[in-house]
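> Fold the following, please.
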Amino acid sequence: MKSFTFIHTADLHLDLPFQGWKGTEGQGGARWQEQRQTLQTIIGLVKERKAAFLLIAGDFLEHETVSRSTAQWVIEQMRQIPGTQVLIAPGNHDPLRPDSFYNTLDWPSHVHIFDAKWEEIQYEEFSLRVYGRGFAEYEEPESCLPTISSPKEGERRILLAHGTYTSHRSESPYFPLCDQDLLPLELDYVALGHIHLPSLHRLNNQRRTWICYPGSPESLRWKETGERTVSVGTFGTEGLQLEQIAVQTRRYEVDSVDVQGCDTEEQVIRRILERVPPGEERNACRRLHLCGRRSADLSLQGEWILHRLKDEGFHYVELADETLPDYDLDQIRERESLAGRFVRKMEERIDGADSEEADLLRQALYKGLDALMVEGNRS
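This is a model prediction of the structure:
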């Protein structure tokens with residue numbers, strides 16, 4: 001049997017507006033271009049690995065917002081890999097509706113777009129059968145699976161679809177799939193899209209079927225941090241070998257920076273620089289949550305901090321000020337109020353505690369003061 005390599009991706013969402021983005025129009029345009037660059041990186045990987053197949057498991061072109069020029073640009077990218085079979089299973093964000101660019105533009109002959117009924121394509125050169133289907137509407141709550149005959153000796157089998165995979169049967173508006181349904185099919189690899197977090201599962205059947213979400217190859221929202229990957233599979237003499245390859249143009253990262261003890265904005269800057277040292281880390285799009293107790297005299301000027309961070313080599317930063325004003329414990333301690341008695345009692349307990357318990361007691365001290373001060377202000 002002839003060895004071959006495939007690359008599996010999904011959920012690029014081309015032309016989807018970035019969620020939670022606070023950047024300028026120019027910065028948004030740069031992110032739009034970086035999203036395109038990620039597709040170019042995937043095409044480059046196809047060429048480098050001489051991949052026989054590029055599997056795209058849906059949510060590729062954002063139906064509601066994708067432009068005709070973007071779709072035509074995608075077609076030009078596909079023309080760069082004429083020797084690779086490109087198989088696309090449309091998802092809930094790019095369903096195969098009559099007005100879809102999948103239907104209204106001319107795609108190269110080596111690109112196959114699956115419709116809403118299961119199709120089986122046989123590639124005898126590779127002893128391979130591919131089963132695929134796509135969304136026709138924005139929701140597909142009813143799942144179904146293809147009818148598969150008993151495999152021939154040495155035959156390889158891949159299933160390509162967009163949907164919600166769970167180990168146990170459950171309801172979903174996005175084509176639910178589960179172990180119970182997939183176990184009898186004896187597939188080698190199930191190429192899925194829809195979930196943006198990469199995941200890999202293996203079924204306990206004769207073929208030990210792999211079920212893979214490669215994740216979104218470029219971050220689309222702040223919870224999609226770290227490396228973004230595609231799945232690369234190679235069928236060879238030792239069966240199917242899998243690897244995850246990072247392809248993102250720009251990572252998203254989210255950090256918390258405790259500013260407690262900082263008396264000036266310069267000290268806050270130094271605290272941030274310690275948290276994110278020079279180098280590749282500063283090339284990411286980064287959201288910084290400033291937290292902890294802040295001196296009442298410290299005013300955080302967000303625009304000035306962002307300007308300083310840009311000078312320090314940060315590509316893009318958003319700030320979220322979640323700090324709380326610190327209390328003057330010396331002043332409160334001297335009062336004969338409930339708050340004063342509370343501080344004195346808690347400090348006695350902190351002095352007699354070990355370091356771990358003392359930390360917890362300090363947190364309780366401030367939370368208690370928050371409650372007492374709010375109640376005091378009400379009365």
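> Okay, now the unreliable bits of this structure?
For the chain, applying pLDDT under 70 flags the ranges 374-379.
> which ones are touching the residue nearest the centre of it?
Central residue of the chain (C-alpha atoms, centre = their mean): Glu224, 3.1 Å from the mean position. Residues in contact with Glu224, defined by C-beta atoms under 8 Å, 6 or more residues apart in numbering, are His196, Leu197, Gly215, Ser216, Tyr252. C-beta: built from backbone N, CA, C; applies to glycine.
> Starting from Phe135, give me the distance back to the residue lying farthest from the centre of the chain.
Going by C-alpha atoms, centre = their mean, the residue of the chain most distant from its centre is Glu336, 53.2 Å out. Distance, Glu336 to Phe135, by C-beta to C-beta, to the nearest Å: 69 Å.
> where's Leu360 relative to Ile43, distance?
Leu360 sits 53 Å away from Ile43, going by C-beta to C-beta.
> The two: which has the busier surroundings?
The neighbour count for Leu360 versus Ile43, taken as other C-beta atoms under 10 Å, is higher for Ile43 (19 against 11).
> Hmm, Thr84 and the more buried one touching each other?
No: shown here, Ile43 and Thr84 do not form a contact pair, counting by C-beta atoms under 8 Å, at 9.1 Å.
> related to what we said a few turns ago, doesn't the residue nearest to the centre of the chain lie inside a strand?
No: using DSSP: H, G, I helix; E, B strand; the rest coil, the assignment for Glu224 is coil, not a strand.
> Please identify which helix or strand holds Arg335.
Using DSSP states H and E, Arg335 is not contained in any helix or strand.
> Burial check on it, number of neighbours?
12.
> Next up, the contacts around Gln122.
By C-beta under 8 Å, 6+ apart, Gln122 lies in contact with Leu128, Arg129.
> end-to-end on stretch 61-76?
Stretch 61-76 has an end-to-end distance of 14 Å (criterion: C-alpha to C-alpha, to the nearest Å).
> Equivalent analysis for stretch 93-100, please.
Terminal-residue distance, stretch 93-100 (C-alpha to C-alpha): 11 Å.
> buried ones in that stretch?
His93, Asp94, Pro95, Leu96, Ser100 (16 or more other C-beta atoms under 10 Å).
> Contacts only, for the fourth one.
When contacts are counted by C-beta under 8 Å, 6+ apart, Leu96 is found next to Pro90, Tyr102, Asn103, Ile113, Asp115, Ala116, Gly134, Phe135, Ala136.
> Wait, His201 touches Leu192, no?
No: using C-beta under 8 Å, His201 and Leu192 do not qualify as a contacting pair, with a distance of 9.9 Å.
> Give the residues shared as contacts by the two.
Joint contacts of His201 and Leu192 (C-beta under 8 Å, 6+ apart) are Tyr165, Ile211, Cys212.
> which one of these has the most neighbours?
That'd be Cys212 among the shared contacts of His201 and Leu192, by other C-beta under 10 Å, with 24 neighbours.
> just checking, next helix/strand downstream of whichever strand or helix holds that one?
Cys212 is part of strand 210-213, with elements assigned from DSSP H and E. Downstream of strand 210-213, the next assigned helix or strand under DSSP H and E is strand 229-236.
> can you pull out the helices in this protein?
Using DSSP state H, the helices of the chain run over 25-49, 68-79, 101-104, 179-182, 265-275, 302-311, 329-333, 338-351, 355-378.
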